[in-house]
Structure formats: structure tokens, C-alpha cells
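Student: Fold the following for me, if possible:
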Amino acid sequence: MRNSLFWRLFWAFLSALTATVLVLSLIMVAMVRTERRAALENEALAEVRELTHLIKQEYMLSLFQSETEAVQSKIDEIEGQYNAQISIVYRNRIQKSPAFTAELNDPAVVEYINRAMSGEEIRVQGVFSGAPGMITFGVPYTGISDQVMGVLLLHLGMDSLRVDYTDIIRYAAIACIFSMILGASLSYLIASKQSKPLRAIQRAVADFAAGAFDRRVETKGGGEMVALADSFNQMAEELSNLEESRRTFVANVSHELRSPMTSIQGYIHGILDGAIAEEERAQCLNVVLSETQRLTKLINELLALSRYDSGKEELNLSGFDINALILQVMFKYEQRIEAKRIDVEIAFREPSCAVFADADRITQVVENLIDNAVKFTGEDGRITVWSHTVDQLCYVTIKNTGPGIAPDDSAFIFDRFYKGDKAHTSGMGTGLGLSIAKKILEQHGQSIHASSGGGETSFVFTLRRGES
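Tutor: This next block holds a predicted model:
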């Protein structure tokens with residue numbers, strides 16, 4: 001697959017390396033060319049300086065007025081070796097070469113000659129010649145008393161300064177070839193290493209699609225790839241848990257629906273077939289009605305959970321007294337409480353406790369918690385309800401005596417279809433009440449906690465304080 005990440009990385013690395021090698025090679029060739037040209041200029045200057053020493057010696061021997069045979073020989077040598085021309089400036093006259101085409105009264109010419117006569121070596125292009133490509137070097141020479149007696153002007157054409165750097169190009173080409181081979185190997189290794197975790201993730205995703213939710217990705221080192229693998233593994237763990245929850249949810253819903261439907265079907269068949277006596281039919285129909293009510297409650301609770309999960313359930317927030325709401329809910333359960341001779345203790349720390357929430361949703365929370373408390377409190381047991389405030393929160397506690405929550409079950413009591421009764425005995429509820437209560441409070445940005453021990457079970461939830 002030429003469009004795979006591996007090949008894209010490989011060609012990206014190789015292209016970047018190729019561009020870098022080519023740029024460095026061009027820079028190296030240019031630098032070597034410049035250095036060789038500078039070396040050639042310095043070499044020519046060294047010859048001219050040697051000529052000045054020869055002139056000084058000749059001057060000391062014969063009070064140099066014109067070129068001696070040794071001096072002329074050296075001039076010829078320099079001009080022949082470098083394809084150059086030499087002009088000689090004396091204190092009182094000038095011997096111009098054909099390359100010296102400028103006028104002597106040219107201000108630029110006068111300026112540079114004066115600078116050279118003052119003892120400074122000069123380098124200038126195009127001033128002493130009409131050709132802009134002509135470079136002139138000026139080297140002063142001295143007499144017996146080391147005073148500047150004149151200047152030697154070496155005129156070099158640009159063609160004379162061209163250097164042969166084909167050998168450098170050859171070496172650079174060889175270096176490029178070896179660099180490309182090495183770069184291709186390194187690019188292959190790097191691309192393979194960088195794409196390996198992604199290939200592992202790709203294979204894991206394919207396994208996920210096939211239903212293998214236990215697949216995980218292992219990576220070494222650090223950086224973004226390891227972070228991606230860790231995120232993937234975390235997602236895989238959550239998906240695995242979600243799949244397990246889905247299976248459990250389907251199994252629980254199936255069980256909750258099957259039991260009442262089986263009961264309803266059995267009673268109706270018995271009535272239609274005449275297997276149930278006429279005097280018993282009213283009692284059977286009451287059972288059927290109870291089971292249909294149970295199914296209706298289950299369906300309504302499932303619909304409520306679906307709305308809360310979708311996040312589309314809007315809250316109708318307002319200020320109200322949570323103490324008054326709790327008393328109203330307790331009144332609804334008065335008959336059940338009296339039937340079990342349960343002792344109810346209301347211990348509000350303050351006469352009223354104003355909160356800011358959705359009153360209908362919080363009523364559902366309190367009803368679920370009171371219903372649980374009444375359901376699991378034994379005969380002659382006790383239910384205690386109180387509220388108190390801390391800073392900007394109101395805490396509501398509902399505590400009851402009874403069998404409590406098993407330590408192994410404490411982490412799951414807010415899960416859907418959780419029941420302390422593992423047999424799912426009829427009449428023990430759907431196991432959705434606490435899940436709905438937690439969802440409602442989370443939608444309010446609040447929390448609920450449970451604790452159990454010493455024969456008592458407590459549920460505590462929080463609400464934001466407000467004005468009633």
C-alpha cells in the first residue's frame with residue numbers, strides 16, 4: 001500500500017534528507033570555490049610582495065630608476081603565470097600597462113594611488129580599467145630608508161581568477177550518493193518504527209470490529225505514540241466495560257420483562273381455558289393488573305434513564321424548601337410505614353432549607369430513596385431523615401435500619417438493575433431507582449453517596465442552596 005502511513009513517512013524523511021544534502025553540497029562547493037579563489041589572489045599578492053622586496057634590493061644597489069633585468073624577469077614571470085599585467089607607479093612618474101586604461105586625473109584613481117603611496121595595500125575592481133571584471137591589487141614598495149617610493153599595481157581579469165572545482169563537484173556527488181543510501185536506510189527504519197504502534201492500533205481496531213474486546217496495544221518509550229496507545233487502551237477498556245454493561249443490561253431487562261409477562265400469560269391462559277375457578281378469577285386479575293403496573297413502571301424508568309443519558313432532559317430550576325418536599329413524600333408512604341410499624345424520626349437542623357433545583361426531579365430522587373428505605377427496613381425498624389447546610393450546599397441524609405449493603409456490592413449499588421436480592425424476587429423493584437437518582441443529581445452538578453454498617457444504611461446527597 002503505497003499510500004500507507006509507512007510509505008508517506010518514508011518518502012517525507014527521504015525527501016527532507018535529500019533536500020538537506022543537496023543544499024549542504026551546494027554550500028560546500030560555493031565555499032570551496034570562494035576559498036580557492038581567495039587562495040589564488042593571496043598567492044598572486046605574495047608574488048607581488050616578493051617583487052617589491054626584489055625592487056628594494058635593486059634600489060639599494062643601483063638607486064633603482066628603471067627596471068633591472070631581474071625585476072623585469074620577475075614581472076614577466078608573474079604576468080605569464082597569472083595572465084596578469086603590472087603597472088609601476090614611481091614617486092615622480094608612472095609606467096602604465098595596457099590594462100591601466102583609466103585617466104590619471106580620475107579622482108578615484110588618484111584616491112587609491114594616494115592610499116597605496118601612504119603604505120596601504122589596496123584591492124579595487126573596475127577603477128583602473130574600463131572593464132568592470134578587472135581586479136587591481138596595489139602593493140607599495142620602499143627604498144633605502146623604508147619610505148614608500150612607489151606602488152606595484154597587479155591587474156587580474158576575472159577569467160584569471162576562475163578556479164577548477166570539478167573535483168569538488170565529483171567528491172560532493174559521491175558524498176551525496178552515499179548520503180542518499182544511508183538516508184534511505186535510516187528513513188526506512190525511522191518510518192517503520194514510527195508507524196509500528198499505528199499498525200498495532202489498526203490491527204487492534206480490526207479485532208474490535210470482529211468482537212475481540214480484550215485486545216490491547218503495547219508500546220515502549222515515550223512521546224505522542226505512547227500517549228496515543230495509552231489513550232487507545234483506555235478507550236478499549238471502556239468499550240469492553242460498556243459491552244459487558246450492555247450484555248448485563250440486556251440480560252436484566254429480559255429477565256425483568258420475562259417474569260411479569262410469563263405471569264400475565266399464565267393467568268390469562270388459565271382464565272380462558274377455564275382452568276381457574278370463577279371465584280379465583282378476580283384475585284388472578286388483580287395479580288395481572290399488578291404485573292402490568294410493574295411493567296409500566298419498568299418501561300417508564302427505562303425511558304427516563306434514556307433521556308438522562310442523552311443529555312437532552314432539560315431542568316426546570318427554581319427555589320423551594322427541601323424540608324417541605326421531604327415531608328410531602330413521607331406522607332405518601334404513611335400506610336406502608338404504619339403497616340411495618342416503622343419508627344420515623346425527622347431531624348431537620350433548621351425549620352426550612354431553601355435549595356435551587358428542579359423540584360419534580362428531586363421529588364423523584366427522594367421518592368426512590370424513601371421507597372428503598374421502607375422496602376428494606378424490617379418490622380419495628382427505624383428510618384431517620386435530616387438535612388443541614390454547609391457553606392453553599394444543603395446535605396440531605398436518609399438512614400434506615402435493616403440488613404444493609406454487602407461490602408462486595410457497595411461499589412455497584414448505583415448500577416442499573418443492581419439488587420441486593422440476587423434472585424430478583426418479584427416485588428423487590430426494578431433495580432433502576434438508585435441509577436435514576438444518581439443521574440438526576442449529576443445533571444444538577446451534585447453527588448450522592450451511600451454507606452452501610454452496624455445494621456444501618458445511609459444515603460446522603462447534596463443540593464445547591466437557594467431562595468424558596
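
Student: and Glu111, how many residues sit next to it?
Tutor: For Glu111, the count of nearby residues is 13 (other Cβ atoms under 10 Å). C-beta: built from backbone N, CA, C; applies to glycine.

Student: So what touches the strand or helix carrying it?
Tutor: Per DSSP states H and E: Glu111 is located in helix 107-117. Defining contact as Cβ atoms under 8 Å, 6 or more residues apart in numbering, one finds that helix 107-117 is touched by 89, 91, 102-104, 122, 124, 127-128, 138-140, 148, 150-151, 153.

Student: can you rerun that using 7 Å?
Tutor: With Cβ atoms under 7 Å, 6 or more residues apart in numbering as the test, helix 107-117 has contacts from 89, 102-103, 122, 124, 127-128, 138, 140, 148, 151.

Student: Buried residues in stretch 332-347, which are they?
Tutor: 333, 337, 342, 344 (16 or more other Cβ atoms under 10 Å).

Student: so for the helix or strand hosting the last one, what's the average pLDDT?
Tutor: If I follow you right, that is Val344. Here Val344 is covered by strand 343-346, with elements defined by DSSP H and E. Average pLDDT, strand 343-346: 92.

Student: packing partners for the helix or strand hosting Ala206?
Tutor: Here Ala206, judged by DSSP H and E, is contained in helix 166-209. Judged by 3 or more Cβ pairs under 7 Å, 6 or more residues apart in numbering; DSSP states H and E, helix 166-209 is in contact with helix 5-62, helix 224-273.

Student: If you average the pLDDT over it, what comes out?
Tutor: For helix 166-209, the per-residue pLDDT averages 73.

Student: again, but for stretch 277-292
Tutor: pLDDT averaged over stretch 277-292 gives 82.

Student: Just the C-alphas of it, formatted as PDB.
Tutor: Taking C-alpha atoms only, stretch 277-292 is exported to PDB below (Å, rounded to 0.1, in the frame of the first residue of the first chain):
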ATOM      1  CA  ALA A 277     -62.200 -21.300  39.000                       C
ATOM      2  CA  GLU A 278     -64.600 -18.300  38.600                       C
ATOM      3  CA  GLU A 279     -64.300 -17.400  42.300                       C
ATOM      4  CA  GLU A 280     -60.500 -17.100  41.900                       C
ATOM      5  CA  ARG A 281     -60.500 -15.000  38.700                       C
ATOM      6  CA  ALA A 282     -60.800 -11.700  40.500                       C
ATOM      7  CA  GLN A 283     -57.700 -12.400  42.500                       C
ATOM      8  CA  CYS A 284     -55.900 -13.500  39.400                       C
ATOM      9  CA  LEU A 285     -56.900 -10.400  37.500                       C
ATOM     10  CA  ASN A 286     -55.500  -8.300  40.400                       C
ATOM     11  CA  VAL A 287     -52.200 -10.100  40.000                       C
ATOM     12  CA  VAL A 288     -52.300  -9.400  36.300                       C
ATOM     13  CA  LEU A 289     -53.000  -5.700  37.000                       C
ATOM     14  CA  SER A 290     -50.100  -5.600  39.500                       C
ATOM     15  CA  GLU A 291     -47.800  -7.100  36.900                       C
ATOM     16  CA  THR A 292     -48.800  -4.700  34.200                       C
END
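
Student: And the contacts of it?
Tutor: Residues from elsewhere that reach stretch 277-292 (Cβ under 7 Å, 6+ apart): 260, 263-264, 267-268, 270-271, 276.

Student: From these, list the buried ones, please.
Tutor: The neighbour count (16+ other Cβ under 10 Å) marks 260, 263-264, 267, 271, 276 as buried among the contacts of stretch 277-292.

Student: before we move on, the earlier item: looking at the contacts of helix 107-117, which are in strands?
Tutor: If you go by DSSP state E, the contacts of helix 107-117 have 89, 122, 124, 138, 140, 148, 151 in strands.

Student: thinking again about what came up before, buried ones in the helix holding Glu111, by neighbour count?
Tutor: 109, 112-113, 115-117.

Student: Since that was my last question, I'll sign off now.
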